[in-house]
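Student: could you work out the structure for the sequence below:
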Amino acid sequence: MLNFIYYPVSFILWCWHWVFGHVLGESSGLAWALSVVFLVFTLRALLFKPFVGQVRSMRKMQEFAPEMQKIKKKYPNDRQRQAAEMQKLQSEHGVNPLGGCLPMLVQIPVFIGLFHVLRSFKPGWGEVYFFDAKGVESFVQAKLFGANLSTFITMPADQLAAFSTQRSAVIIVAIPLMIIASIATHFTARHSVARQTQSAIDNPQTAIMNKLTLYIFPLGVLVGGLFFPIAILLYWLSNNGWTLAQQHFVYRRIDREEEAKKVEAISQRKDLAPKPGAKPNAPRAGQKPTPGVRTGNARAMGTAKGKRPATRAQDTPPTAADLTPESNGSSASANTEIPGLITGRSPGKKQGNKKRR
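Tutor: Numbers count the residues shown, from 1 in each chain. Below is the predicted model of the structure:
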C-alpha cells in the first residue's frame, strides 16, 4: 500500500550500503550503520531549502503576531472571519503556513518507511524492495558491537535468538543511543525556542507547545527507545544532530543578512539627510526651481530662467538727472510736478492757510 514510500527509502539505503560496503565489507555493522546515517543526511540535504523558507516564514509570522492578536480580539465569535482576515494578512506578508510544515511532514513518511524496511529484514526472507536475498542476509549477519541493527531491548527472546544476538549486547548499544538521542532532541527544541520573540512566548498555545518539545518529546524518545530497533535510534540521533547543526548555521546566516540590511538602511538615511547647519542649495542656471518653493528674490528667479526681470516705473526712484529740465531737452518749468515726488508745499495748501486766517 505504501510502496511509493518503501521503494525510495530502500533505494537510498541500498546506494549508501553499496558505497560503504565496498570499503568496510558488505556484512559490516558499521557499514550498515553509516548507510542509515547518510540516508538521513541525504533526506535533510534535499530539504535544506524548504527548511530555510520555514525559518524565514516563522520570523515573519512572529513580526506580525500582534496584528493577528488584534484580529482575534476584533472577531472573537466569528471563526470564519478570523480565518479569512488571518489568511489575508499572511498573503500580504508573503507567508505560507503550510510551507513551514513541509520539512516535518516529509520526515514522517520517511521514518515510517525506514521502520518498515528494517523490520522486513528477517532471517530467511528473500527480496525486500530494492534489496535482493543476498543483501537481506548481509543485514541479518551484520553486528554493531555484538547487536544486530534490527533488534531492540524489549524484543522477545526467540526473535533475538534468530538474530544470534544477546539482550545484554542490545542494551549496551541501545541505552547510550537512547540517552544521546533524547538529549539531542531537547537541545534542538531549546535552540528553536530561544529564537522566539517575547510576544510568541507569552502566547498560551505557544507556551504549551514549547513545554511539549522541550520535555515531553525527549522523554518520548527515551521511553520509545525500549521498543525501537537500533537502526531507528541511529536514524533519530543523526536526524536531531543534523537539525541542531542546521539551525545553528541557518540562524546565524539570517542574522547576518538582517544586520546587513539594518546597516544599509541606516547608511541610506545618513546619506539622504542634510548635514547639520547646511542650507538648501539654490537651483543652478538653467534648472527650474521646485514649484511652491522660494529660492530667492524675483530678480534672481527671472535671471535663473534666462529672462530680464520687468520693472515698474513707480518702483524705481527718480535720479537727479530726471529732475533737471535740460536733461530731457524740454523747457518745462521747475515747478513741474513729478508723480511720487514732493518738492515743497503745494499752492493749494498755502491758499487754504490764508483763507483760514
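Student: can you give the contact residues for the helix or strand that contains residue 220?
Tutor: Here residue 220, judged by DSSP states H and E, is contained in helix 217-224. With contact meaning Cβ atoms under 8 Å, 6 or more residues apart in numbering, helix 217-224 is reached by 178, 179, 181, 182, 183, 185, 186, 189, 236. Where C-beta positions appear, they are placed from N, C-alpha and C, glycine not excepted.
Student: of the residues you listed, which belong to helices?
Tutor: Per DSSP state H, helices hold the following members of the contacts of helix 217-224: 178, 179, 181, 182, 183, 185, 186, 189, 236.
Student: just give me how far whatever helix or strand residue 234 lives in sits from the chain centre.
Tutor: Using DSSP H and E, residue 234 maps to helix 230-272. Computed by Cα atoms, centre = their mean, to the nearest Å, the chain-centroid distance of helix 230-272 equals 9 Å.
Student: helices and strands around it, which ones?
Tutor: In terms of contacts (3 or more Cβ pairs under 8 Å, 6 or more residues apart in numbering; DSSP states H and E), helix 230-272 is packed against helix 29-46, helix 48-63, helix 102-120, helix 167-193.
Student: where in this protein is pLDDT low?
Tutor: Low-confidence segments of the chain (pLDDT under 70): 1, 62, 64-65, 93-104, 197-203, 275-357.
Student: repeat that for 50
Tutor: Within the chain, the stretches with pLDDT under 50 are 292-316, 320-357.
Student: quick one: secondary structure of residue 11?
Tutor: Classification of residue 11 by DSSP: H, G, I helix; E, B strand; the rest coil places it in helix.
Student: pretty sure it sits against residue 128.
Tutor: No: counting by Cβ atoms under 8 Å, residue 11 does not reach residue 128; the two are 11.7 Å apart.
Student: of the two, who's got more company?
Tutor: residue 128 (21 against 13; other Cβ atoms under 10 Å).
Student: now the more buried one. Nearest residue, chain neighbours left out?
Tutor: residue 120 (4.7 Å; Cβ to Cβ, 6 or more residues apart in numbering).
Student: how near is that neighbour to residue 77?
Tutor: Residue 120 is 52 Å from residue 77, where distance means Cβ to Cβ, to the nearest Å.
Student: quick one: which of the two has more around it?
Tutor: Set residue 120 next to residue 77 and count neighbours by other Cβ under 10 Å: residue 120 wins out with 17 against 6.
Student: what separation do you get for that one and residue 58?
Tutor: According to Cβ to Cβ, residue 120 stands 37 Å off from residue 58.
Student: and residue 19, by the same measure?
Tutor: Distance from residue 19 to residue 58, counting by Cβ to Cβ: 36 Å.
Student: neighbour count for these two, which is higher?
Tutor: Taking other Cβ under 10 Å, residue 19 and residue 58 do not tie; residue 58 has more neighbours (17 against 13).
Student: returning to that earlier point: now the helix holding residue 234 against helix 217-224, angle please.
Tutor: 170 degrees (axes from the mean of the first three to the mean of the last three Cα atoms, to 10 degrees).
Student: tell me which residue lies nearest the centroid of the chain.
Tutor: For the chain, the residue sitting closest to the mean C-alpha position, by Cα atoms, centre = their mean, is residue 56 at 2.7 Å.
Student: list the contacts of that one.
Tutor: By Cβ under 8 Å, 6+ apart, residue 56 lies in contact with residue 254.
Student: ok, residue 152 next?
Tutor: The contact partners of residue 152, by Cβ under 8 Å, 6+ apart, come to 170, 174, 226, 227, 228, 229, 230.
Student: how about it, secondary structure?
Tutor: Assigned with three-state DSSP, residue 152 falls in the coil class.
Student: contacts only, for the residue nearest to it when sequence neighbours are not counted.
Tutor: Excluding its sequence neighbours, the residue lying closest to residue 152 (Cβ to Cβ, 6+ apart) is residue 229, at 5.0 Å. By Cβ under 8 Å, 6+ apart, the contact set of residue 229 is 115, 118, 119, 149, 150, 151, 152.
Student: would a markdown table of those with distance to residue 106 be doable?
Tutor: Shown next, in a markdown table, are those (distance: Cβ to Cβ, whole Å):
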| residue | distance to residue 106 |
| --- | --- |
| 115 | 15 |
| 118 | 19 |
| 119 | 21 |
| 149 | 23 |
| 150 | 24 |
| 151 | 28 |
| 152 | 25 |
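Student: much appreciated, bye for now.
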